[in-house]
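S.K.: My questions concern the predicted model and sequence given below.
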Amino acid sequence: MKPLLEILQSGTAYLEKKKIDEARLNMEHLLAHVLGCRRLDLYLRFSETVPEADLVALRDLLRRRGEGEPLQHLLGTVEFCGHEFVSDHRALIPRPETETLVELVLKKLAKPPARVLDMATGSGCIGLSLAKAWPNSEVVLADISEDALDLARLNASRLSANVKLLRSDLFEKVTGTFDLIVANLPYIPTAEIQTLSPEVKRDPVLALDGGTDGLRIVECFLSDALAYLSANAFVALEVGHDQGATVVGRCLELGYGNACSAPDLPGIHRFVFAQASAFE
């Protein structure tokens, strides 16, 4: 058996050699996961020794992380907007920038909307976070992937969230109108998929590939969404780091009003909001 601190240091060095970003933080998460404790509790246990059975499990996780398997998949869960979501190969990993989209939506709507649609829901992290914030709203989670919907269904059950799930290719099976339609659609240009990090490549291609310019699906969404917006309703989108201005312009061309972009924490305008102009 080896001391915990020694294991933490050697594991960090291994991940650094494998060029894993934030190697120390990754190692802390993996070690805490194996030991069944909180990450910060490790600092109170540096002098303890780690049983061989735990070391065997840790070595396997380290190998997989070094090969580019996402930390979130290895841990099995990820925190998003204060809730714990199961994360695996079935859907896009919930990311911190998308939390900002949820926060902006909550600030924008002083009154909870009656009906909300989360298009291309994936793990359900956006729609379920909104459902927990607005327990009296009707929230629909839609996705073309049955695998993604199964994951969203699992997360909804874990969070005891009252939502409806719908398998639909964009608006193909959607009925009625909504006061808010939010979406994190595929927006990466096809040619750039192979240049992505090993971690991002583990996400489903269906959740990444936005066509030649990255905006094929976003364009289809914006063209169709107008017919599903109720009075005073709007759409809220996450787009690529260099797509905000283009998408705002396209919204205006399609007849949306009050179209604007908003920045994430680093200042990148990756969020777009637009309202049906007939209801300005």
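M.R.: Yep, that arrived.

S.K.: Give me the distance between the closest residue to residue 35 other than its chain neighbours and residue 235.
M.R.: Closest residue to residue 35 apart from its sequence neighbours, by C-beta to C-beta, 6 or more residues apart in numbering: residue 54 at 6.3 Å. No exception for glycine: its C-beta is placed from N, CA and C like everyone else's. Distance of residue 54 to residue 235, computed by C-beta to C-beta, to the nearest Å: 48 Å.

S.K.: Equivalent analysis for residue 268, please.
M.R.: 19 Å.

S.K.: out of these two, which sits in the more crowded spot?
M.R.: For residue 268 versus residue 235, the count of surrounding residues by other C-beta atoms under 10 Å is larger for residue 235: 25 against 14.

S.K.: Output stretch 166-186 as CSV, nothing but the C-alphas.
M.R.: Output in CSV follows, covering the C-alpha atoms of stretch 166-186 (Å, rounded to 0.1, in the frame of the first residue of the first chain):
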residue,chain,number,x,y,z
LEU,A,166,-40.5,13.5,-27.3
ARG,A,167,-38.5,11.9,-30.0
SER,A,168,-38.5,14.3,-32.9
ASP,A,169,-36.3,15.5,-35.7
LEU,A,170,-36.3,19.2,-34.9
PHE,A,171,-40.0,20.2,-35.0
GLU,A,172,-41.3,17.1,-36.9
LYS,A,173,-43.3,15.7,-34.0
VAL,A,174,-43.8,18.9,-32.0
THR,A,175,-47.3,20.3,-31.4
GLY,A,176,-48.6,23.5,-29.9
THR,A,177,-46.8,26.7,-29.1
PHE,A,178,-44.2,27.6,-26.5
ASP,A,179,-43.3,30.6,-24.5
LEU,A,180,-39.6,29.7,-24.6
ILE,A,181,-37.7,27.4,-27.0
VAL,A,182,-34.1,26.8,-25.9
ALA,A,183,-31.6,24.8,-27.8
ASN,A,184,-27.9,23.8,-27.9
LEU,A,185,-27.8,22.4,-31.4
PRO,A,186,-24.9,20.9,-33.3
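
S.K.: what's the average pLDDT for that stretch?
M.R.: Here the mean pLDDT over stretch 166-186 is 98, rounded to a whole number.

S.K.: Outline the domain layout of this structure.
M.R.: What the record gives for the chain is the domain set 2-67, 89-279, from automatic domain parsing.

S.K.: Could you say which of the ones you listed is packed most deeply?
M.R.: Each of the domains of the chain was scored by mean neighbour count; the highest is domain 89-279, a mean of 18, by mean count of other C-beta atoms under 10 Å.

S.K.: Pull the residues that contact the lengthiest strand in the chain.
M.R.: Counting residues, the longest strand found in the chain (DSSP state E) is strand 229-238. Here strand 229-238 makes contact (C-beta atoms under 8 Å, 6 or more residues apart in numbering) with 97-98, 101, 104-105, 108, 113, 115, 177-185, 187, 218, 221-222, 225, 247, 256, 258, 270-276, 279.

S.K.: Now, those that are in helices?
M.R.: The helices, defined by DSSP state H, take in 97-98, 101, 104-105, 108, 218, 221-222, 225, 247 from the contacts of strand 229-238.

S.K.: which residues sit in contact with the residue most central in space within the chain?
M.R.: The centre of the chain sits closest to residue 94, judged by C-alpha atoms, centre = their mean, with a distance of 2.5 Å. Neighbouring residues of residue 94 by C-beta under 8 Å, 6+ apart: 72, 78, 80, 85, 87, 122-123, 125.

S.K.: Equivalent analysis for residue 2, please.
M.R.: Listed by C-beta under 8 Å, 6+ apart, the contact partners of residue 2 are 49-50, 55.

S.K.: got a markdown table for the residues you listed, with pLDDT and distance to residue 22 too?
M.R.: Below are the contacts of residue 2 laid out as a markdown table (pLDDT from 0 to 100; distance: C-beta to C-beta, whole Å):
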| residue | pLDDT | distance to residue 22 |
| --- | --- | --- |
| 49 | 93 | 26 |
| 50 | 94 | 22 |
| 55 | 96 | 22 |
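
S.K.: would you list those residues in TSV and tack on secondary structure and distance to residue 149?
M.R.: Listed next are the contacts of residue 2 as TSV, based on DSSP: H, G, I helix; E, B strand; the rest coil; distance: C-beta to C-beta, whole Å:
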residue	secondary structure	distance to residue 149
49	strand	45
50	strand	39
55	helix	38
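
S.K.: Please consider this matter closed, and thank you.
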